[in-house]
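Chemist: no sequence on this one, just coordinates:
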Ligand code: ZN
């Protein structure tokens, strides 16, 4: 069994995620349902992954990430205005609605509709946490080796992860 967080170790983590500037709790793991991920494969944000490196079961840590190390600075060029004629005809756009968009390479992105007029909609492609400094309070609660299949896929297979 692995004794510390390292590349190719499956890590269980209890966490609380705060907006650091406002001291607002925005997300936390259930006490019986930790986040489980394969370390070293970019499955979680890089700054957090780096901070967890080397921790053992029972270790707690507070990790502060600047916006740049978390979901990036807010990018005003990540906002696009589209002609409503380009939208699927059955879509009723509303401000605050999230759209899942498949790009030319088949990648998925999510954009928020931030403005709707008779002719156009404005989409914001920034991550909802872009521009926010984050604070994670983490506790490592489990370490195990991945299965060969998990290692081949680069992610864990549990919590209903199916292919
Ligand atoms: Zn898989």
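Modeler: Thanks, I have the structure now. Every value quoted in this text rests on a predicted model; they were computed, and no experiment measured them.
Chemist: wait, what's in contact with the residue of the chain most remote from its centre?
Modeler: Computed with C-alpha atoms, centre = their mean, the maximum C-alpha offset from the centroid of the chain is found at residue 118, amounting to 33.4 Å. If you count contacts by C-beta atoms under 8 Å, 6 or more residues apart in numbering, residue 118 has them with residue 84. Quick note: C-beta positions are derived from backbone N, CA and C, even for glycine.
Chemist: quick one: average pLDDT of stretch 85-99?
Modeler: Averaging pLDDT along stretch 85-99 gives 89.
Chemist: for the lowest-mean-pLDDT helix or strand in the chain, name the packing helices and strands.
Modeler: Across the helices and strands of the chain, mean pLDDT, DSSP states H and E gives its lowest value to strand 98-102, namely a mean of 86. Helices and strands touching strand 98-102, by 3 or more C-beta pairs under 8 Å, 6 or more residues apart in numbering; DSSP states H and E, are strand 108-116.
Chemist: direction included, what does the strand it packs on pair against?
Modeler: If you go by DSSP bridges, strand 108-116 pairs up with strand 98-102 (antiparallel), strand 120-124 (antiparallel).
Chemist: what are the buried residues along the first one?
Modeler: Buried residues in strand 98-102, defined by neighbour count with 16 or more other C-beta atoms under 10 Å: residue 99.
Chemist: and for stretch 141-154?
Modeler: Applying a neighbour-count criterion of 16+ other C-beta under 10 Å, one finds 141, 143, 146, 150 buried in stretch 141-154.
Chemist: just the ones of those in strands?
Modeler: Within the buried residues of stretch 141-154, residues falling in strands by DSSP state E are 141, 143.
Chemist: let's have the buried residues of stretch 141-154 in JSON lines, adding distance to residue 81.
Modeler: Shown next, in JSON lines, are the buried residues of stretch 141-154 (distance: C-beta to C-beta, whole Å):
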{"residue": "141", "distance to residue 81": "46"}
{"residue": "143", "distance to residue 81": "48"}
{"residue": "146", "distance to residue 81": "45"}
{"residue": "150", "distance to residue 81": "43"}
